[in-house]
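# Show me the folded form of this:
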Amino acid sequence: MKRILISLLFVCVGTFLTAQDSYFPERYAEWSRVDIQKQSYNSQTLERAIAFAKENEYSGSKDLRQAILKGFQREPFHEILGPTKKRGGPAGMILKGGYLVASWGDTRRVDMTFSVTKSFLSTMAGIALDKGLISSTDDKVGQYIWDGTFDGVHNAKITWAHLLQQNSDWSGQLWGLKDWADRPPREGALDDWKYRELREPGTVMEYNDVRVNVLAYSLTHLWRNPLPKVLKEHIMDAIGASTSWRWFGYDHAWTTIDGLKMKSVTGGGHSGAGLFISTEDMARFGLLFQNNGVWNGKRLLSESWIKKATTPSVPNVNYGYMWWLNQKEGNRYWEGVPEHVFYAAGFGGNFIVVDQEKDLVIVTRWLEPNKIGEFVKQVYSALQ
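I've put the predicted structure just below:
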């Protein structure tokens, strides 16, 4: 077991930092650390919080192929269709104003991140909106993607916002996977799911990777480029991310655009694939959102996009544009944690937690998922 690497560090100011004052780590550089004696905090509480994260490691197999097959065994026809990777142990980072407060585990190890990928995917839509490739998220997707994916009375109603909020109830199949076979209801059987009544787009939120992958497919055609290339050029290079991250699609998920064969990536990893990334690169991504889309004086994402992405959707107040929201009215509220917090979450206990008001980013990996609220609460108790 690796030693807990804690540097109980805070910036030397009495109030919370603004985006302009934040520290931004250089490419491949060690995270800057500041004299801890000039800040007040409860070191024992913080040490206990990190010990809690390590003691409550995700209970699933480190062989994520096995963990995936066990975790989604209720799905008919479920199989592994893309790359997987054995995971490491618990790891994490806590940033304040961009500076490293604490870290534990191997923060440079690349691991699968599952549905944290969705928050990266929605960012590809955000950049498209900022650049005018999408006029409005209320536009029908069929206005842009006219290859039959959004044909039919029901699917023709679906907007970009519906896909981003996971309330489209898109009906069909992509890469041989049927929408109704992904995370089916607890009640009923195959025929009940297959011949279900379709819900009006925008009325019911349903976590569904087939529909998420329809968004990824649509954005690939919109950009006329593979999404990993778009992410690299517009975000990851700009925030000084390493070259170790990878974004995969299913082995057979190829599409042709402008005569070029391109891989359409996934927005998660429950059939394999998705984003494989280090804790440090996740922290950089979180820091971009903590600073409202600005990185070291350069705006990469519009403030208006981040506001849209973190606005509660009508059918689920805890969900925005593929970011989870800590709204008390919903059923995913973390007691003792501010309601303005938003976060990316993935299978196996992968999280990027962002608090813009307190200039705080928390990344934790392979934490038992039902322990995240208690862990974050403990971190807040230590830093107040």
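# which stretches of this structure form strands?
For the chain, strands defined by DSSP state E occupy the ranges 91-96, 99-104, 110-112, 173-174, 177-178, 246-257, 260-265, 274-278, 294-295, 298-299, 324-325, 342-346, 350-355, 360-365.
# Return the set of buried residues in the longest one.
For strand 246-257, burial by neighbour count (16 or more other CB atoms under 10 Å) applies to Trp247, Phe248, Gly249, Tyr250, Ala253, Thr255. (Glycine included, C-beta is placed from N, CA and C.)
# Return the most buried member of the strands of the chain.
Among the strands of the chain, ranked by average contacts under mean count of other CB atoms under 10 Å, first place goes to strand 360-365 (a mean of 28).
# Am I right that Glu335 is in contact with Gly373?
Yes: the pair Glu335 and Gly373 passes the contact test of CB atoms under 8 Å, sitting 6.6 Å apart.
# Those two: which is more packed in?
With neighbours defined as other CB atoms under 10 Å, Glu335 and Gly373 compare such that Gly373 has more, 16 against 9.
# what's the neighbour count on Trp143?
Heads up, residue 143 is Gln, not Trp. Close neighbours of Gln143, defined as other CB under 10 Å, add up to 13.
# give me every residue that touches Glu200.
In this structure, Glu200 makes contact with Lys157, Asp169, judged by CB atoms under 8 Å, 6 or more residues apart in numbering.
# now it: how far from Asp179?
From Glu200 over to Asp179 the distance is 16 Å, taken as CB to CB, to the nearest Å.
# residues touching Arg87, list them.
Here Arg87 is in contact with Lys62, Leu64, Asp111, Met112, Gly348, Trp366 (criterion: CB under 8 Å, 6+ apart).
# now swap in Asp191 and tell me
Taking CB under 8 Å, 6+ apart as the contact definition, Asp191 lies against nothing.
# Quick one, grab the pLDDT at it.
Asp191 is assigned 88 on the pLDDT scale.
# mind checking how far it is from Arg183?
Here the distance between Asp191 and Arg183 works out to 17 Å (CB to CB).
# Same check on Glu329?
As judged by CB to CB, Glu329 and Arg183 stand 24 Å apart.
# Please identify which of those two sits among more neighbours.
Set Glu329 next to Arg183 and count neighbours by other CB under 10 Å: Arg183 wins out with 16 against 9.
# correct me, but that one touches Tyr207?
Yes: judged on CB under 8 Å, Arg183 makes contact with Tyr207 at a distance of 6.0 Å.
# wait, Asp251 sits on Glu79?
No: between Asp251 and Glu79 there is no contact, the gap being 11.1 Å when judged by CB under 8 Å.
# Return the residues in contact with the closest residue to Arg246 other than its chain neighbours.
If the residues on either side of it in the chain are set aside, Arg246 comes closest to Phe276, at 4.7 Å by CB to CB, 6 or more residues apart in numbering. With contact set as CB under 8 Å, 6+ apart, Phe276 has these partners: Pro83, Lys85, Val110, Asp111, Met112, Thr113, Trp245, Arg246, Trp247, Phe248.
# Excluding chain neighbours, what is closest to Ser302?
Of all residues beyond its chain neighbours, the one nearest Ser302 is Asp130 (4.8 Å), with distances taken as CB to CB, 6+ apart.
# what ranges do the helices span in the chain?
43-55, 64-71, 116-130, 160-164, 190-194, 209-223, 227-231, 279-290, 303-309, 372-383 (DSSP state H).
# With distance to Trp324 added, can I get those helices in JSON lines?
As requested, the helices of the chain are exported to JSON lines (distance: least, CB to CB, whole Å):
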{"stretch": "helix 43-55", "distance to Trp324": "18"}
{"stretch": "helix 64-71", "distance to Trp324": "19"}
{"stretch": "helix 116-130", "distance to Trp324": "9"}
{"stretch": "helix 160-164", "distance to Trp324": "13"}
{"stretch": "helix 190-194", "distance to Trp324": "25"}
{"stretch": "helix 209-223", "distance to Trp324": "14"}
{"stretch": "helix 227-231", "distance to Trp324": "20"}
{"stretch": "helix 279-290", "distance to Trp324": "13"}
{"stretch": "helix 303-309", "distance to Trp324": "11"}
{"stretch": "helix 372-383", "distance to Trp324": "10"}
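# who wins for proximity to Ala91 among those helices?
Checking the helices of the chain against Ala91 by CB to CB gives helix 279-290 as the closest, at 4.8 Å.
# Report the mean confidence score over that closest one.
Per-residue pLDDT values over helix 279-290 give a mean of 98.
# Repeat that for stretch 298-311.
When pLDDT is averaged along stretch 298-311, the result is 98.
# Same check on stretch 196-207?
Here the mean pLDDT over stretch 196-207 is 96, rounded to a whole number.
# For that stretch, buried residues please.
Going through stretch 196-207 with 16+ other CB under 10 Å, the ones that come out buried are Arg199, Pro201, Gly202, Met205, Glu206.
# if we can go back for a sec, what's the least confident stretch among the helices of the chain?
When those are ranked by mean pLDDT, helix 190-194 comes last with a mean of 89.
# For the residue nearest to Arg246, name its beta-bridge partners.
Met112, Arg246 (DSSP bridges).
# contacting residues for the closest residue to Ala309 other than its chain neighbours?
Closest residue to Ala309 in three dimensions, ignoring its sequence neighbours and counting by CB to CB, 6+ apart: Tyr321, at 3.9 Å. Taking CB under 8 Å, 6+ apart, we find Tyr321 in contact with Ser122, Ala125, Gly126, Thr137, Ala161, Leu164, Gln165, Lys308, Ala309, Thr310, Thr311.
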